[in-house]
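**Student:** I'd like to go over a predicted model; first the sequence, then the structure.
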Amino acid sequence: MITRRKAIRLLSLSPLVASLLYASKSSPSPRILIIGGGTGAITILTKLSKIFHNPKITIIAPNEKHIYQPGQVYVAAGVYETDEIIKNNSNYIPKDVIWIKDKVKSYAPQMNSITTQDGQTVEYDYLIVATGLEYHYEWIKGLHKEDIGTKNIASVYLNDTDKGTAKGGSSTLKWFESIQEEAKNKDIHILYTMPNTPVKCGAVAQKMAYLTADYLQKHSLSAKLTYTTNSKRLFGLKDVDKRLHLVQKEYLSLQTKFRHNLIEIDTKKKIATYQHKYEIKTGWDPDFQEWESITKKTEIVKMHYDYIHIVPPMSATKDIRESELAVEDGHFKGWLDVDLETLQHSKYPNIFGIGDICGTPLGKTVATVAAQALIIEKNLLSVITKTKLIEKFTGYSVCPIKVAFGKIILVEFDYQGLVENTKMSQLSSESLWKYDLYETKKEYWATLLKGHA
Ligand SMILES: Cc1cc2nc3c(=O)[nH]c(=O)nc-3n(C[C@H](O)[C@H](O)[C@H](O)COP(=O)(O)OP(=O)(O)OC[C@H]3O[C@@H](n4cnc5c(N)ncnc54)[C@H](O)[C@@H]3O)c2cc1C
């Protein structure tokens, strides 16, 4: 018997796919293997387990606990407690799904199999990779992950998705409270860093800087804040970049240093060392009406700090980085090699990728996962039913930039730029400032449970 819920779900798919699936309910289900236990994996799992009859879905995920990672910023801001942002994965993994609590060590895509760290080989017909990414605090010379939360060093990102622990929020809250106390007695310098690698939710360092600046300004406390970034801009999109420059103007104590990449830290002397890249225009050519040769320079810049917030360099997870599923060269080297639109692997049509692991240009966000899941669900069904892949991921992402306590600029964008007719198209509107922080979390758990249906 097909349930009402399942019938509604099938009707929302293309008629061809729905009829094929319904017709094939007595035939064997395909073996679907999902790797990962975070937002991407659980979202696609929830969707697929609603579609297939007698599903043979296996998930390989080490983590009993699921972290709502955007909540780490709210914990740092004192809005949530850490245990409010961590839930049991068993709430989201259906009982009839096989859950192997391990990690994938290696992939054999030509054999349609993987091997876990414990040495178990698992075969599949279709594979969905959702292993997220890895932090590399150790790529900054002199820094160890254990330093975070000590020596006036914070990193709101700090978490362990395998263990389901998230110390970044609570330790940054303490760091922040310490700044509030110290700023009462002396002038302090606070640094916020951004690395030269892709990162998840790219505006987090700015969020932390704006929240600190807002607090200090509202309490008439003075401190010097420096946001340092390897980028040339505050945001990749021109309109948002302009808007954020305006935000920064409201915070007199805040300055930005562009093209600065943190390479070393002396945690005892509190000195941050940057590689600073800049260009020199050697002369104006009146005939061609342009600047003659631009020389790229690199210099080492050292800055003393009292407090520092570090966004770690990030990479694809090791299992993918070292596999033949990764992009071999260029900007996305090491990340999962998927088509930007179909999210299908470029060499293996029975493999898809979702979430941070994908070698796609835009946001590594929960919002991206929600949009990607809709595409993968349909494209996977097309592969199973041997029909043409028609669904295309637009590159959709959302970045809620917290520019002050209780105030968010919600930026919605895709491969084409800002999404038209959305909240961001009213960038200058005051309505943007009225987002209730609590709504974000409520929506997240609800959509995760519903599989973003
Ligand atoms: C501080 C912070 C703030 C953020 N703010 C926002 C925001 O405001 N808005 C927004 O939309 N997004 C935000 N994000 C980003 C968002 O949380 C991520 O983009 C999202 O969680 C990505 O989901 P994922 O499934 O790709 O990865 P994850 O949720 O990280 O899950 C990866 C999973 O894979 C598992 N895994 C890793 N390796 C293996 C392996 N070899 N085998 C099996 N399993 C493996 C891990 O244990 C984990 O369960 C924020 C993130 C952080 C840290």
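**Tutor:** Ah, there it is. Residues are numbered from 1 along each chain as shown.
**Student:** how about the residues of the stretch 1-150 of the chain that lie near the ligand?
**Tutor:** Residues of the stretch 1-150 of the chain lying near the ligand by CB under 6 Å from any ligand atom: 35-41, 60-63, 69-70, 72-73, 103-104, 130-132. Using the backbone N, CA and C atoms, a C-beta is placed for each residue, glycine as well.
**Student:** Name the SS class of the single nearest residue of the stretch 301-450 of the chain relative to the ligand, please.
**Tutor:** Nearest residue of the stretch 301-450 of the chain to the ligand, counting by CB to the nearest ligand atom: Gly355, 2.2 Å away. Following DSSP: H, G, I helix; E, B strand; the rest coil, the label given to Gly355 is coil.
**Student:** Test my guess that it contacts Gly36.
**Tutor:** Yes. With contact defined as CB atoms under 8 Å, Gly355 reaches Gly36; the gap is 7.3 Å.
**Student:** Overlap of the contact sets of these two?
**Tutor:** Listed as contacting both Gly355 and Gly36 by CB atoms under 8 Å, 6 or more residues apart in numbering are 130, 132.
**Student:** need the longest helix for this structure.
**Tutor:** Under DSSP state H, the helix in the chain containing the largest number of residues is helix 366-384.
**Student:** Now do the buried residues in that one.
**Tutor:** 366-384 (16 or more other CB atoms under 10 Å).
**Student:** Let's see which of the residues of the stretch 1-150 of the chain next to the ligand end up in helices.
**Tutor:** Per DSSP H, the subset of those in helices is 39-41, 72-73.
**Student:** In contact with the residue nearest the centre of the chain, which residues?
**Tutor:** Geometric centre of the chain, nearest residue: Lys200, 2.8 Å, by CA atoms, centre = their mean. By CB under 8 Å, 6+ apart, the residues touching Lys200 are 69, 133, 157, 314, 356, 364-365.
**Student:** Farthest pair within the ones in helices among the residues of the stretch 1-150 of the chain next to the ligand?
**Tutor:** Ala41 and Val73 (22.2 Å; CB to CB).
**Student:** circling back to that earlier point, do the longest helix of the chain and the ligand meet at all?
**Tutor:** Yes. Contact of helix 366-384 with the ligand (CB under 6 Å from any ligand atom) involves 366-367, 369.
**Student:** same check, this time on stretch 291-309
**Tutor:** No. Stretch 291-309 stays clear of the ligand (CB under 6 Å from any ligand atom), getting no nearer than 11.2 Å.
**Student:** Pull out the buried positions in that stretch.
**Tutor:** Buried residues in stretch 291-309 (16+ other CB under 10 Å): 303, 305-309.
**Student:** now, which of these lie within strands?
**Tutor:** Using DSSP state E, the members of the buried residues of stretch 291-309 that fall within strands are 303, 307-309.
**Student:** which residues of the chain fall in helices?
**Tutor:** 4-12, 15-23, 39-51, 71-76, 168-182, 204-218, 238-250, 318-321, 366-384, 437-450.
**Student:** now the ones you listed as JSON lines including mean pLDDT?
**Tutor:** JSON lines is the format used below for the helices of the chain (pLDDT from 0 to 100):
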{"stretch": "helix 4-12", "mean pLDDT": "50"}
{"stretch": "helix 15-23", "mean pLDDT": "49"}
{"stretch": "helix 39-51", "mean pLDDT": "91"}
{"stretch": "helix 71-76", "mean pLDDT": "90"}
{"stretch": "helix 168-182", "mean pLDDT": "95"}
{"stretch": "helix 204-218", "mean pLDDT": "93"}
{"stretch": "helix 238-250", "mean pLDDT": "90"}
{"stretch": "helix 318-321", "mean pLDDT": "98"}
{"stretch": "helix 366-384", "mean pLDDT": "93"}
{"stretch": "helix 437-450", "mean pLDDT": "52"}
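**Student:** Met194 is nearest to which of those?
**Tutor:** Evaluated over the helices of the chain, closeness to Met194 peaks at helix 204-218, with 4.9 Å, by CB to CB.
**Student:** can you count the residues close to the residue in the stretch 101-250 of the chain positioned nearest to the ligand?
**Tutor:** Proximity of the stretch 101-250 of the chain to the ligand (CB to the nearest ligand atom) peaks at Gly132, 2.8 Å away. Other residues lying near Gly132 total 23 when counted by other CB atoms under 10 Å.
**Student:** Not counting residues beside it along the chain, what's closest to it?
**Tutor:** Closest residue to Gly132 apart from its sequence neighbours, by CB to CB, 6 or more residues apart in numbering: Asp356 at 4.6 Å.
**Student:** and the nearest residue to Ile280 once chain neighbours are set aside, what does it touch?
**Tutor:** The spatial neighbour of Ile280 that comes closest, neighbours along the chain excluded (CB to CB, 6+ apart), is Thr295 at 4.5 Å. Neighbouring residues of Thr295 by CB under 8 Å, 6+ apart: 279-280, 282.
**Student:** what pairs with Trp99 across the strands?
**Tutor:** Ile59 (DSSP bridges).
**Student:** For it, grab the count of nearby residues.
**Tutor:** That count, for Trp99 with other CB under 10 Å as the rule, works out to 19.
**Student:** ok, it to the ligand distance?
**Tutor:** 11 Å (CB to the nearest ligand atom, to the nearest Å).
**Student:** burial count for the residue of the stretch 301-450 of the chain closest to the ligand?
**Tutor:** Based on other CB under 10 Å, the number of other residues close to Gly355 is 27.
**Student:** From Ile300, how far out is it?
**Tutor:** Distance from Gly355 to Ile300, counting by CB to CB, to the nearest Å: 36 Å.
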